[in-house]
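Chemist: Got a predicted structure plus its sequence, pasted below:
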Amino acid sequence: MIGSLSFGAPLVLLGLVTLPAIWWLLKLTPPRPQTEAFPPLRILLEAMRPEETPARSPWWLTLLRLLLAALVILALAAPTLNPNAAILSGTGPLALIVDNGWASGRDWEARRDAAESLVRDAGAAGRPVSLAFTAEGASDDAAPVEAAAALDRIAAARPRPIPVDRTAAAARVRTALDGSSDIGIAYLSDGLDSTGANEALASLSALQPSEAAILRPPLAGTIGLAGADNSTEALVIKAVRPDGTAAETTDLKALDAQGREVGRTALAFAAGATSAEARFAIPVELRNDIARIELDGASTAAAVRLVDDSFRRRRVGLVSGEAADLAQPLLSPLYYITRALEPFADLVRADSADLGVAIPDLVKQRPSVIVLADIGVVPAAAETALRDFVEKGGMLVRFAGPRLAASTGEDPLVPVRLRSGERQLGGAMSWSEPQKIAPMAASSPFAGIAVPADITVSRQLLAEPSADLAARTWASLTDGTPLVTAEAVGAGTIVLFHVTAEATWSNLPISGAFVNMLRRIVTLSRSSGAGGGQTAADSLPPYRVLDGEGRLTTPGAEVEPLTVKAGAAPAVTLKNPPGLYGTEEGYSALNLLGPDAVLAPLPTPDFGVAASERGYGRSGETELTPWLYAAALGLFALDALALLWLNGAFSRIAARLRGRPRATAALLLALALAPSLIGDTGPARAQTNPPADMPTSDVPAAPPAALDPEAAIRATETTHLAYVETGVGTTDDIARQGLDGLSQYIAAKTALEPGAPVGVDIATDELAFYPILYWPVDPAAPMPSDAAISRVDAYMKQGGTVLFDLADGNLADLGGAGVSPGERRLRDILGDLDIPPLEPVPSDHVLTKAFYIMKDFPGRHTGSELWVESLGRDPDAANRPARAGDGVSSIMITSNDFASAWAVDRNGMFLYPTDNADPSQREYAYRAGVNIVMYVLTGNYKADQVHVPALLERLGQ
Amino acid sequence: MAPIGSIVELTAGSDALVRARQRAALLPDLLVEARRVVATVIAGWHGRRRRGAGENFWQFRPFVEGESVARIDWRRSARDDHVYLRDREWEAAQTVWLWADPSPSMLYQSTAASVSKESRALVLVLALADILSRSGERIGYPGVLEPISARNAAERIAAALMTNRPAGGLPPDERLKRFSEVVLVSDFLDPLDDILARIAALSRRGIRGHLVAIADPAEESFPYSGRTEFQDPETGQRLTAGRAETMREEYRRLYAARRATLGEHCRRIGWSFVEHRTDRLASEALVAVHARLSGTPQAQVKRA
């Protein structure tokens, strides 16, 4: 329905005048052709027929573009359909009442905008404004002010996390506007009912307003969390809402103290229901971390439920002295304790009969309370564990019984000294009657627990009288003897019931008082070791308070300490907003809504005149700008498609699809695989991606894993010579080609047939697969990281050998003064390695005999010695033909550039000339490589081999 | 949308040489068929199955009065009462001129091809030079290298081209002698009459020629469609086609006709004509040219 149309910027419409010019330009400009170089143009010129080229755009393309331009111009003019008219039109003072209670947190911006627009209208009409906020205290002044001052106050106002007090606000307005006439009332409500709301608003009719308007927000989504109950199986949240018509589902989040999400569950209101329950079925350990529960996207104080220590479920460890506890459950003390505590706490039973094991195990599970039912002597280990547990704040609850009665000596884990043996009341041989329990003293932690009169105690353990016995008594019998005693030990408490936990000594365990007492003890265990009982009224300083949008903030100056009275829930006021009160160590939570809170929509108030009702925001108005832009965008896409079509892109794609179905399939496959390929773009690793000429290279590269089993198998199936990838391409190539050549030579000359050489990244690849690492030291390469060097160190310590090759041919003296860049780099690398003393290969070293008899180890150069780990001088070295340590030298250093001498190309041709043109140098270089590899692989075996003749001779062969 | 074809950089001589070597290694030594060997005494390695100047023994024959006494083979003559001469087999070399079209149109490379036409032509020429020089032929490159008989003729051509790359157009032919062979590798996109005139002139001088027509696949199949502006890289001439796909049939017909004309003309004057596309392997063309040079023409495989 098109009522009226207004433009935000009507002058922009003049831009429509330019449309003919645009039309003229568009008509002249044909679409831009694709430019192609094409040598046989002469042939094409012959093939060319004269027409073909449309010099002008087709008419429909021009029309499309004109429409596009027109839409953009119209959109720029900001048209609005059905613009809102002013709300109030009177001349007298305007009474503006704004709800800024908790329910306004959701849409405070809209409310403020509405208030500002009302005040501006009033200011334009010269009306004074009497402004009242319903959640402000008495300091809120409703005296009529100029519009500018009212705007300042509106800008400063914030939503409060407290219920509204409409009665007070209405009273302030009445007082301020008493005697004025032609009053206009505008009530910016939050849409929720409150106590006395109707009467308060109706009282405004005494002002005889001439007009009234009430603004309501939509109530959908206004949800308050009324309660959180931590039951045994799940954490149950009760939520209420005012509007019960439609079904509604939102998410509830449970957050821990750091704001991390612990759990998430759905809160579903059935259609027609105004309350709902949500259950967090998460484990107790996690539930205990919960610090706040909130609606997803919560923006009101009611949508947040704060949780304090009392909320947490305690864990109670149970230990019993009975051997077969479960055979006769009614005779088992743990049965009664279990029944009493199960709804409130998580019970953990000792899982071993051996107390020396069971109790420390139990303590390790970090219970809040440990209950020992009739246990006399505890083993030393258990006693230590229990004492430790108590001193760290745990609560130890003991029950008397025959065993405890028999071992009352100097038991350290009882609150009072006990007399040996129990006292029996009212037996066949006794004159005395079974005793009743005295009412709980007000100072006792059990204060307030009503004790039924029919509870009697027929047996009990007696305490030795002492001066502080009374102070340690929590409950006593009518004759004054203690029934429950307690003592603070360290940060914890030891509580002793002087009766058993089953019904043989008294019928206390089968009464409700027993449940209450145990529960009180469990509750006390939180504030572990605070000792004395709760005072009647406590004053808690504010710790963190909620603001109007459900965020926890530090309290402002106006927040006052919370006075907690036993039995009465404290009221939420401006001075005590919802939040956490107490200190960081322990606090209690004050929540906005009580467990029986009900939310209801605000009934239509009676102002004495007909009040117009409306919503916030620009309801009814329709901004056309986004739609126009969207239409222009659609036309733009059409235009692009048309251009593509004109340029023949579609026929080209179609031709390609027709001509190459396999290619298309490959393309589709590539598209399908693209994410996985993108995820796998790490640099190719040696052991996952062998060099191209490796025989096993048809195996596709596996994703780089920490240790890929397939790669490990591939690397260990055959022996591979390995080189360290320095990151410099040429150096790595030479190393690979060199090791390739050496591998071929070794395969040809010896029984060893190495696989293709492997480049390893010392930072990531597993090194243990390779017997030797050839490390071409290139000063141009990036310095390996400390972690990589330490991996190499570990590799060397585990028996690997690293052959450093400086490749510059002049390693004369490792300690020399003149240092080449390669040597400096080698020093940097070795600086972090644990290197034994080195020496040039002595003439009797096993390296000189490992396969070939060699004097020196030439490579491409001949200038350098081969340095190995120094061997201890053997006194009778002269008698031995070869020397070797017990292991293989973990390090060899040369600068003869072995790899270049070994390097062959794919066809087996040598790649680099040796220093000396004599081909024997290359041969000797290969022999040096064979000796090194043999030495590394066989260790000192070769050294032992030379003794074989002597051994055989000794054996008498 | 990326264009289908592009003009690429000139190929470096050394790069082409490496590739040419690889291709040439695949082919056996080329013995140019010596039907019309120049009668000049240029020693080559072709055994001509007749006596003449050469190194290899051919036959002993009795001394005839008037021949040079110095040629008597005394060792043979000592075995009986006659006097013998030692004849040698006549060995001669053929001069083969190689030429790759350097015009800018050769630099064209479409997305379907792996190399430009110029690169492929250069590779073919160098590979031929390598094979021919292995057989001891004299290799020349008109305007760049005088005929030489050297094992490393391919390197020499590559090196000479590095410093002196001729401009476009058919090669200067004043140095080409009778009975020599010329291998012309080009796209032959110049006006057909010019090409035919030049070929006819060469052929009239007794030169045997082999044309290798290099084509880019895009030039043959004309995969263009839609509104396209074509530009000639040689002349810079432009042509805008509204819907290029409508011209495809006509273009293909004209292109095939042009090729057929050229081939027919070559056949008439006894030259050979090899077509080659840059999306095929270079060795294919090399084998075909090799076959024609060595005088055993194979049935040319007609590609679909």
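Modeler: Everything's here; your move.
Chemist: what's the closest non-adjacent residue to A:P757?
Modeler: Leaving aside its sequence neighbours, A:P757 sits nearest to A:L739 (Cβ to Cβ, 6 or more residues apart in numbering or on different chains; 3.4 Å). All C-beta spots, glycine's among them, are computed from the backbone N, C-alpha and C.
Chemist: quick one: that neighbour is in a helix?
Modeler: Yes. Applying DSSP: H, G, I helix; E, B strand; the rest coil, one finds A:L739 inside a helix.
Chemist: what are the ranges of the strands in chain B?
Modeler: Using DSSP state E, the strands of chain B run over residues B:5-7, B:46-51, B:57-62, B:84-92, B:95-100, B:108-110, B:138-141, B:145-148, B:181-186, B:208-215, B:228-231, B:238-241, B:272-277.
Chemist: and those strands as CSV, adding mean pLDDT?
Modeler: Shown next, in CSV, are those (pLDDT from 0 to 100):
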stretch, mean pLDDT
strand B:5-7, 75
strand B:46-51, 62
strand B:57-62, 85
strand B:84-92, 77
strand B:95-100, 88
strand B:108-110, 87
strand B:138-141, 87
strand B:145-148, 85
strand B:181-186, 90
strand B:208-215, 90
strand B:228-231, 85
strand B:238-241, 81
strand B:272-277, 90
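Chemist: most tightly surrounded among those?
Modeler: Among the strands of chain B, strand B:95-100 has the highest mean neighbour count (mean count of other Cβ atoms under 10 Å in any protein chain shown), at a mean of 26.
Chemist: picking that back up, need the strands of chain B in TSV (columns: distance to A:Y629).
Modeler: Formatted as TSV, those follow (distance: least, Cβ to Cβ, whole Å):
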stretch	distance to A:Y629
strand B:5-7	39
strand B:46-51	83
strand B:57-62	96
strand B:84-92	85
strand B:95-100	59
strand B:108-110	42
strand B:138-141	67
strand B:145-148	70
strand B:181-186	58
strand B:208-215	52
strand B:228-231	34
strand B:238-241	35
strand B:272-277	52
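Chemist: Now that we have the ones you listed, can you turn them into CSV and tack on distance to chain A?
Modeler: Output for those, formatted as CSV (distance: least, Cβ to the nearest Cβ, whole Å):
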stretch, distance to chain A
strand B:5-7, 5
strand B:46-51, 30
strand B:57-62, 36
strand B:84-92, 32
strand B:95-100, 15
strand B:108-110, 5
strand B:138-141, 23
strand B:145-148, 27
strand B:181-186, 11
strand B:208-215, 9
strand B:228-231, 4
strand B:238-241, 5
strand B:272-277, 13
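Chemist: A:A266 belongs to a strand, doesn't it?
Modeler: Yes. Assessed by three-state DSSP, A:A266 belongs to a strand.
Chemist: excluding its backbone neighbours, what's nearest it?
Modeler: The spatial neighbour of A:A266 that comes closest, neighbours along the chain excluded (Cβ to Cβ, 6+ apart), is A:T249 at 5.7 Å.
Chemist: Would you list the phi and psi of that neighbour?
Modeler: According to degrees, to the nearest 10, the main-chain angles of A:T249 amount to phi -130, psi 130.
Chemist: Report the contact partners of it.
Modeler: Contact analysis of A:T249 by Cβ atoms under 8 Å, 6 or more residues apart in numbering or on different chains lists A:266-269.
Chemist: between the residues you listed, which is nearest A:E717?
Modeler: A:A266 (54.3 Å; Cβ to Cβ).
Chemist: Which secondary structure element is home to A:D828?
Modeler: Secondary structure from DSSP states H and E places A:D828 in helix A:821-831.
Chemist: residues making contact with the helix or strand immediately after that helix in the chain?
Modeler: Downstream of helix A:821-831, the first helix or strand assigned by DSSP H and E is strand A:838-840. Strand A:838-840 is touched from outside by A:814, A:865-871, A:891, A:893, with contacts defined as Cβ under 8 Å, 6+ apart.
Chemist: can I get those residues in TSV with distance to A:V390, neighbour count and secondary structure?
Modeler: TSV is the format used below for those (distance: Cβ to Cβ, whole Å; neighbours: other Cβ atoms under 10 Å in any protein chain shown; DSSP: H, G, I helix; E, B strand; the rest coil):
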residue	distance to A:V390	neighbour count	secondary structure
A:L814	65	15	coil
A:E865	72	18	coil
A:L866	70	27	coil
A:W867	66	19	strand
A:V868	64	27	strand
A:E869	60	17	strand
A:S870	62	14	coil
A:L871	63	19	coil
A:I891	59	20	strand
A:I893	64	24	strand
